[in-house]
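Engineer: Quick one, fold the following:
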Amino acid sequence: MPEQFKIVKVKNPITGEELNAYDVPLKESNEKWSEFELEDGTKIRMKVTISGAHRFVGKYDPQGNPMYDLVAMPQIVTVYVPEELKKEQE
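Structural biologist: Purely as a prediction, here's the structure:
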């Protein structure tokens, strides 16, 4: 791993074990919206953004891929509800 990535301590999200990880910032991001339509006509749009990732030092999955922990930002959710489902304003 290139030396420009600093090593940080990160808890493994599965085991809770504290591990060394490289702090890998994002180079590029292209977040797309996921869209869902419910049977009542409500439409929900949501996307998740991340600000970077932590690559665990010396940890690999069974296929040999390095293991990462994502540095997630809050999910963005918008909901569009049909007028007939809304409560009348008093």
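Engineer: and stretch 21-33, how far out from the chain's middle?
Structural biologist: 10 Å (CA atoms, centre = their mean, to the nearest Å).
Engineer: So for the host helix or strand of residue 36, mean pLDDT?
Structural biologist: When elements are defined using DSSP states H and E, residue 36 is found to belong to strand 34-37. Predicted confidence along strand 34-37 averages 96 (mean pLDDT).
Engineer: That one pairs with which strands, and in what direction?
Structural biologist: strand 43-47 (antiparallel) (DSSP bridges).
Engineer: CA atoms only: put the partner strand into CSV for me.
Structural biologist: These are the backbone C-alpha positions of strand 43-47, laid out as CSV (Å, rounded to 0.1, in the frame of the first residue of the first chain):
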residue,chain,number,x,y,z
LYS,A,43,-42.4,7.1,-3.9
ILE,A,44,-39.3,6.9,-1.8
ARG,A,45,-35.9,8.0,-3.2
MET,A,46,-32.7,7.4,-1.2
LYS,A,47,-29.0,7.5,-1.6
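Engineer: I'd like the next helix or strand past it.
Structural biologist: Using DSSP H and E, the helix or strand that follows strand 43-47 towards the C-terminus is strand 50-60.
Engineer: export that next one as CSV, just CAs?
Structural biologist: Output in CSV follows, covering the C-alpha atoms of strand 50-60 (Å, rounded to 0.1, in the frame of the first residue of the first chain):
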residue,chain,number,x,y,z
ILE,A,50,-19.4,7.9,1.7
SER,A,51,-16.4,10.1,2.5
GLY,A,52,-13.7,7.5,2.3
ALA,A,53,-12.8,4.0,3.3
HIS,A,54,-10.6,2.1,5.6
ARG,A,55,-8.7,-0.9,4.1
PHE,A,56,-7.8,-3.4,6.9
VAL,A,57,-4.1,-4.2,6.9
GLY,A,58,-3.5,-7.8,6.0
LYS,A,59,-7.2,-8.8,6.0
TYR,A,60,-8.8,-10.5,3.0
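Engineer: And the strands in the chain?
Structural biologist: Shown for the chain, the strands assigned by DSSP state E span residues 7-11, 18-25, 34-37, 43-47, 50-60, 66-72, 76-80.
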